[in-house]
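1. pasting the sequence and the predicted coordinates here, then a few questions.
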Amino acid sequence: MMDMKLKKWYELLLVVVIVILINILAQYFNFSYDLTSDKRFTIADSTLELVDKYEDPVYIQVLLGEDLPAGFKRLRSSTLDLLKELHDRNPNIIYELYDPNDGSPEETKKKQKQLIDEGILPTKLQYFDGKEYSQKLIFPYAILSYGTRKLVINLLEEQQLNQDEEIVLNNSVSLLEYKFANGFQKLSFERRLKIAFTEGNGEIDRPHLMGLERELSRYYSISRINLDTFVSIDSSFELLVIAGPRTKFDQKNLFKIDQYLMYGGKILWLIDKLNPDLDSINRNKFFIPPDIDSGVDELLFKYGARIEPNIVMDLESSSIPQVVGMQGDQPQLQMFKWFYHPLVSSKGENPIVKNIDRVNMYFPASIDTILTESIVKKTPLLQSSKYSKLQYNPMRLSFEILKFQPDPSKFNKSNVTLALLLEGNFESAYKNRVSAEMKSTLEQLGVPFREVSPDTKQIVVGESDFAKSMVSEQRELGYNMWDKQYYKGNKDFLLNAVEYLLDEDGILASRSKELKLRLLDTVRTTKEKTKWQLINIVVPIVILLVFGLIFNYLRRRKYA
C-alpha cells in the first residue's frame, strides 16, 4: 500500500517537473501549428523574405500602452506576437512598447503633443471600466525607423457607420502582417516610386482626386503630366493612371501611352463610355446620356479588353433620396434603391479584391475580354451580382422606375465584369503601322519603337466616378453623397490595385488574411422572409412540444 502511495507521489512530481521544463524551454523556443483553413496565423513567405533582407537594425515603436480595454489589448498582444516572430527570424528587427499615456499629466501632455506635431493623430476611446464610462486618447500606431527613413503604420482599421467595434478590431488584427510587410517594403526603397496622372483630356480634376492622391502620397511620389508636353512618357514613372478622360486622345498621345506600356510601364485605366447625369434627370424628368469617345478603345482592344457602351444595372445597389410629399413647406424624402449605382464585389482569389468590402460604382459599363495573339492572363476583379442586367445606348434614364417594384426575372445577367486585370506580354497597337522613317526618327530621339512589351500589368475599370472625393461636402474617398455612407471598398480597391501593379515582392498576398465578408442575398431573403421566420419561431416550439410529450409518455409508462 505504501509503495502505491509513493508511486503516485513520484508520478505527480514527474508531471510537475515536466511542466516546469516545458515552460522554461518555451521561453527560448517558439513553436506553433496553424490549424485555420486560410492559414491566418502563418507568416507569408513574401513577408519573411522582406524581413531577411535587412542587415541593419530596424527600430519599431508600438504606441499601444497597458491600460486599455480588452479588444485593444488583443490588438497590442497580436502586434507584439507578430513582431516577436519577425525578431526571431531576424534579430535586426528590434521593437519596444512606448506608451504616450504613461507618466505624470505634464509628461503625458508633452508626449502626446510631440506625436500630434508629427502628424500622428490620436483616437478618442470611450469605454466602460466596470464602474463608469471612461474616455482617453490612444495612439494605435507603430513607428518604423531605418537609418534616416521613418514610416508610421496605423494599426487600427477605420470604423464604418453602424459597424461593431469588435469587427473593426478583428479586421485590424487580420491585417497586421500586411501592414508591417508593406512598411518593410517601403522602407527598403532607395527612392519613392513615381505615379503619374494624365491631364489635358478632361480627366477627373485634382480636387476630386485629392482623397486618392493623399492616400497614395503617403508612400509614392505623385505627378500630373500633360502628354502634349512630352516626346515620350518617362520610364521613371512606374505607374500611369488615366482617370476618366472626357475628350479624345490624339494619335500621337495614344502612341506615347502604347510605347510606355511596351517599355514595361504599368497602367490603371478608369474609363467611362457614357456620361449620365442625375441633375439632368431631375431637371428634365429624363435624360439620354451622350457617348464619350476617349480614343483608347483601339489600344485596349489590342491588349485584350473591350469596354462596352452600356450601363450595368444591379438589384444590389446603394440608394438615392426622392421627394414623396410635403409637410408644410418642408419636402418629405424617402430613400430608394438606385439600380444604376451597384454595390459590387468579387468571388475571386486575387489579393486586390479578396475579402474587401463592396465597391459602390456609379453607372458602370461592362468589360469583355478579347483573344490576343500574345499570351495575356485576364482576371475579373469586380463583378455585378447575379441579379443584374445591361442597358445599351441610346437609353432614356428616368426616376420613373422607382415607382415600381423591380422584377428579379428581368435582372437575369450574373457576374458581369466591371474591372479586369491584364497580365503578360502585350503586343503594340501600332505593330506594322509605323513607317521606317518614323522608326528612324524615334531612334534618333533615343526611344526606339518596340512591338512587344516585357512581362507587365494593367487594370481596366469601366467607370471613374467611384474614385472621386466629394469636394463640396469635404468628404473622403468612398463617401456616397446621396445615402450619406462611406464605402470603404472604394478606397481599398484603388489602393490595392496600385499596390498590386507596383508590387514586385508579392506582399499583397498577406492581405488575404482579412476576415471574410459574407453578404446576404437580399432578393432571396425578401422572397423567403415568411418561410425562415416560421422555421426560426415555430420549429423550435414544435420540437419542445414533441420532446415534452415523448418524455411524459415514457415517464408514465415507466411508473404506471
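-> Cool, the structure landed.
2. tell me where the stretch 201-350 of the chain has strands.
-> Across the stretch 201-350 of the chain, reading from the start of the chain, the strands by DSSP state E, counting those that start in this stretch fall at 221-226, 237-243, 266-270, 305-307, 310-314, 317-327, 330-344.
3. dump those strands into a markdown table; add mean neighbour count, distance to residue 378 and mean pLDDT as well.
-> In this view, the C-beta of every residue, glycine as well, is placed from N, C-alpha and C. Compiled in a markdown table, the strands of the stretch 201-350 of the chain are given as follows (neighbours: other Cβ atoms under 10 Å; distance: least, Cβ to Cβ, whole Å; pLDDT from 0 to 100):
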| stretch | mean neighbour count | distance to residue 378 | mean pLDDT |
| --- | --- | --- | --- |
| strand 221-226 | 14 | 28 | 94 |
| strand 237-243 | 22 | 19 | 95 |
| strand 266-270 | 23 | 14 | 97 |
| strand 305-307 | 23 | 7 | 96 |
| strand 310-314 | 25 | 18 | 95 |
| strand 317-327 | 14 | 26 | 84 |
| strand 330-344 | 18 | 18 | 89 |
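4. can you add distance to residue 537 and give those strands back as TSV?
-> TSV is the format used below for those (distance: least, Cβ to Cβ, whole Å):
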stretch	distance to residue 537
strand 221-226	56
strand 237-243	51
strand 266-270	48
strand 305-307	49
strand 310-314	32
strand 317-327	30
strand 330-344	28
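5. tell me the mean pLDDT over stretch 245-255?
-> Per-residue pLDDT over stretch 245-255 has a mean of 94.
6. equivalent analysis for stretch 169-186, please.
-> This predicted structure assigns stretch 169-186 an average pLDDT of 85.
7. quick one: it to chain centroid distance?
-> In terms of Cα atoms, centre = their mean, to the nearest Å, the centre of stretch 169-186 is set 13 Å apart from its chain centre.
8. among the strands of the stretch 201-350 of the chain, which is nearest residue 533?
-> Distances from residue 533 to each of the strands of the stretch 201-350 of the chain were compared using Cβ to Cβ; the minimum, 22.5 Å, belongs to strand 330-344.
9. which other helices and strands does that closest one contact?
-> Other helices and strands packing on strand 330-344, by 3 or more Cβ pairs under 8 Å, 6 or more residues apart in numbering; DSSP states H and E, are strand 310-314, strand 317-327, strand 359-360.
10. and if we set it to 6 Å?
-> Contacting strand 330-344 under the criterion 3 or more Cβ pairs under 6 Å, 6 or more residues apart in numbering; DSSP states H and E are the following elements: strand 310-314, strand 317-327.
11. let me know which of those strands is the nearest to residue 348.
-> Shortest distance between residue 348 and the helices and strands packed on strand 330-344, using Cβ to Cβ, is found for strand 310-314: 17.5 Å.
12. give me the distance between the closest one and the centre of its chain.
-> Mean C-alpha position of strand 310-314 versus that of the full chain (Cα atoms, centre = their mean) differs by 23 Å.
13. got the angle for it vs strand 330-344?
-> 100 degrees (axes from the mean of the first three to the mean of the last three Cα atoms, to 10 degrees).
14. would you say residue 433 is within a helix?
-> No - with DSSP: H, G, I helix; E, B strand; the rest coil as the criterion, residue 433 is coil rather than part of a helix.
15. quick one: it from residue 181, how far?
-> Residue 433 sits at a distance of 43 Å from residue 181 (criterion: Cβ to Cβ, to the nearest Å).
16. ok, the two, which is more surrounded?
-> With other Cβ atoms under 10 Å as the criterion, residue 433 and residue 181 differ in neighbour count, and residue 181 comes out ahead with 26 against 10.
17. alpha carbons of the helix or strand containing that one, as CSV, please.
-> Secondary structure from DSSP states H and E places residue 181 in helix 176-188. What follows is helix 176-188, C-alpha atoms only, in CSV (Å, rounded to 0.1, in the frame of the first residue of the first chain):
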residue,chain,number,x,y,z
LEU,A,176,-1.3,43.4,-39.1
GLU,A,177,1.1,41.3,-41.2
TYR,A,178,0.2,43.0,-44.4
LYS,A,179,0.7,46.5,-42.9
PHE,A,180,4.1,45.6,-41.5
ALA,A,181,5.2,43.9,-44.7
ASN,A,182,4.1,46.9,-46.6
GLY,A,183,6.1,49.1,-44.2
PHE,A,184,9.2,47.0,-44.5
GLN,A,185,8.9,47.1,-48.3
LYS,A,186,8.5,50.9,-48.4
LEU,A,187,11.5,51.4,-46.0
SER,A,188,13.7,49.3,-48.3
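18. given the next helix or strand after it, what are its sheet partners and their directions?
-> Of the helices and strands lying after helix 176-188 in sequence (DSSP H and E), the nearest is strand 194-199. Taking DSSP bridges as the criterion, strand 194-199 pairs within the sheet with strand 221-226 (parallel), strand 237-243 (parallel).
19. ok, residues contacting strand 194-199?
-> Contacts of strand 194-199 with the rest of the structure, by Cβ atoms under 6 Å, 6 or more residues apart in numbering, involve 220-226, 236-242.
20. I'd like those written out as CSV, with distance to residue 61 added.
-> Shown next, in CSV, are the contacts of strand 194-199 (distance: Cβ to Cβ, whole Å):
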residue, distance to residue 61
220, 24
221, 26
222, 28
223, 32
224, 35
225, 38
226, 43
236, 33
237, 34
238, 30
239, 31
240, 37
241, 34
242, 40
